[in-house]
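Chemist: What follows is a predicted structure for the sequence shown.
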Amino acid sequence: MRSRHCWQTIVGWLGICWIIAVPVRAIAVPLTVEAVDDNGVIHIIRVGAGGDYSQLADALAAAPAGAIIEILPGIQIGQWLIDRPLTLRVHHGAILDGGGSGTILTILAPDVHIQGLNFQRTGLQPVDTAILVRARAVTIEGNRFERFMRGITIGDGAGVNGDAAYTIVRNNTLVGWPDETPPARLGLLC
């Protein structure tokens, strides 16, 4: 009888541990934004090894307005432009690397959501930034920025001064350069 009680206790503890672990894992996942087109279809495009496209540039060119682009674990190197409403989010372990040149991501369209991405290595010119926002109603949330000249630059047309369709920047982590070499300025520039 005692071994049966012990077994029930172990199974009970495993069940409790599983219940506790589920919410903890869910916290690490970026918020989900539903993107439904006029026909009620949600377009989810996966980018990276084993995804629909291997390169982010190809996925951005093919994505319809309102699509969700999920970047799979790995490094995407380059500079990208978003010119239509969409969501760009990440699976754990994905990095957008600017290759040490220029601005990594330029947003020209309204209703863009950038969630949970890791940005690294912008160019070192004073105008270089990880994300340049030149549109209204953009949300930049839960991202990490490392080794950059500027983290997020809110430019002309972003609607930050009393506009109803304003840009939201929240819960981002700005790390900078580990060896304190460049840059002189880190963080958010409005």
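Modeler: Right, received. Where do you want to start?
Chemist: Tell me, please, where in the protein the pLDDT is lower than the cut-off.
Modeler: The chain contains residues with pLDDT under 70 at 1-40, 157-165, 176-190.
Chemist: Go again with 80.
Modeler: Residues of the chain that meet the criterion pLDDT under 80 lie in 1-41, 91, 156-165, 176-190.
Chemist: quick one, helices of it?
Modeler: Along the chain, counting by DSSP state H, helices occupy 2-28, 56-62.
Chemist: Let's see the last one as PDB, backbone CA atoms only.
Modeler: Backbone C-alpha positions of helix 56-62 (Å, rounded to 0.1, in the frame of the first residue of the first chain) are rendered in PDB as follows:
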ATOM      1  CA  LEU A  56      13.700  37.400 -44.900                       C
ATOM      2  CA  ALA A  57      14.000  39.600 -48.000                       C
ATOM      3  CA  ASP A  58      12.100  37.000 -50.100                       C
ATOM      4  CA  ALA A  59       9.400  36.600 -47.400                       C
ATOM      5  CA  LEU A  60       8.900  40.400 -47.200                       C
ATOM      6  CA  ALA A  61       8.600  40.600 -51.000                       C
ATOM      7  CA  ALA A  62       6.000  37.900 -51.100                       C
END
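Chemist: can you tell me which residues contact the residue nearest to residue 86 when sequence neighbours are not counted?
Modeler: In space, and not counting its chain neighbours, residue 86 is closest to residue 67: 4.9 Å by C-beta to C-beta, 6 or more residues apart in numbering. From N, CA and C alone the C-beta is placed, and that goes for glycine too. Neighbour list for residue 67: 35, 43, 44, 45, 86, 87 [criterion: C-beta atoms under 8 Å, 6 or more residues apart in numbering].
Chemist: mind checking how far residue 67 is from residue 82?
Modeler: Computed as C-beta to C-beta, to the nearest Å, the residue 67 to residue 82 distance reads 11 Å.
Chemist: do residue 63 as well
Modeler: Separation of residue 63 from residue 82 (C-beta to C-beta): 9 Å.
Chemist: Same drill for the two, tell me which one is more crowded.
Modeler: Taking other C-beta atoms under 10 Å, residue 63 and residue 82 do not tie; residue 63 has more neighbours (24 against 21).
Chemist: For that one, give me its contacts.
Modeler: By C-beta under 8 Å, 6+ apart, the neighbours of residue 63 are 43, 45, 69, 84, 86.
Chemist: Of these, grab the buried ones for PyMOL.
Modeler: A single PyMOL command selects the buried members of the contacts of residue 63 (16 or more other C-beta atoms under 10 Å):
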select buried, resi 43+45+69+86
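Chemist: Pick out whichever of the contacts of residue 63 sits closest to residue 104.
Modeler: residue 69 (14.9 Å; C-beta to C-beta).
Chemist: For that closest one, give the beta-bridge partners.
Modeler: Residue 69 forms beta bridges with residue 45, residue 88, as assigned by DSSP bridges.
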